[in-house]
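1. mind folding the following:
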Amino acid sequence: MEPLPFILWLLFITLIFAFGLGSMVRAYRGRGSLEIIFAEAICPTPPTLNEEAALQFEKGCTAFGANQYRQAIDCFRRAIQLDPGFAEAYHNRGRATANLRQLNEAIGDLLQASEQYLAQDNVAGFDRVRQDLETLKARSQTSAKSNE
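-> Numbering: from 1, shown residues only. Below is the predicted model:
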């Protein structure tokens, strides 16, 4: 067997592997998204009495603003663990998750946020969630049409 065809074949396979691995890493880190669905987090003064939850919420908003969606999700998750009724934390975690194209998880968080907003009689928050869900629905329909 001649070494040149083998070397070319090995180089070709290595390039394919490197491209695939790079794509997976970009998608895992959240940089594989083609566009950002939600550019900003919902960052009012946190209506929580738990100071640590408020601190985690603020850190999450900062990370969201810097397009560090995985870090933001972790901060919002910690805020929710500290205050399970923290509607804004669910809302922002849903928005950050949507930006990573994890739509099922995003919808779950947005629905949880809507339940918390209703329990708090926060109609404005509920309406923002409804708008976000409509945005996700429109984006998923657009994606489905472009994939056909």
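
2. output the below-cut-off pLDDT ranges for the chain.
-> 1, 26-35, 46-48, 143-148 (pLDDT under 70).

3. ok, 90 please
-> 1-50, 101, 139-148 (pLDDT under 90).

4. in what helix or strand does the most centrally placed residue in it lie?
-> Centroid check for the chain by CA atoms, centre = their mean gives residue 97 as the closest residue, at 1.8 Å. Using DSSP states H and E, residue 97 sits within helix 87-99.

5. other SSEs contacting that helix?
-> helix 51-65, helix 69-82, helix 103-119, helix 123-147 (3 or more CB pairs under 8 Å, 6 or more residues apart in numbering; DSSP states H and E). (Each C-beta comes from the backbone N, C-alpha and C, glycine too.)

6. how about the ones you listed in a markdown table, adding mean neighbour count and distance to residue 23?
-> Output for those, formatted as a markdown table (neighbours: other CB atoms under 10 Å; distance: least, CB to CB, whole Å):
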| stretch | mean neighbour count | distance to residue 23 |
| --- | --- | --- |
| helix 51-65 | 19 | 24 |
| helix 69-82 | 21 | 17 |
| helix 103-119 | 18 | 19 |
| helix 123-147 | 13 | 17 |
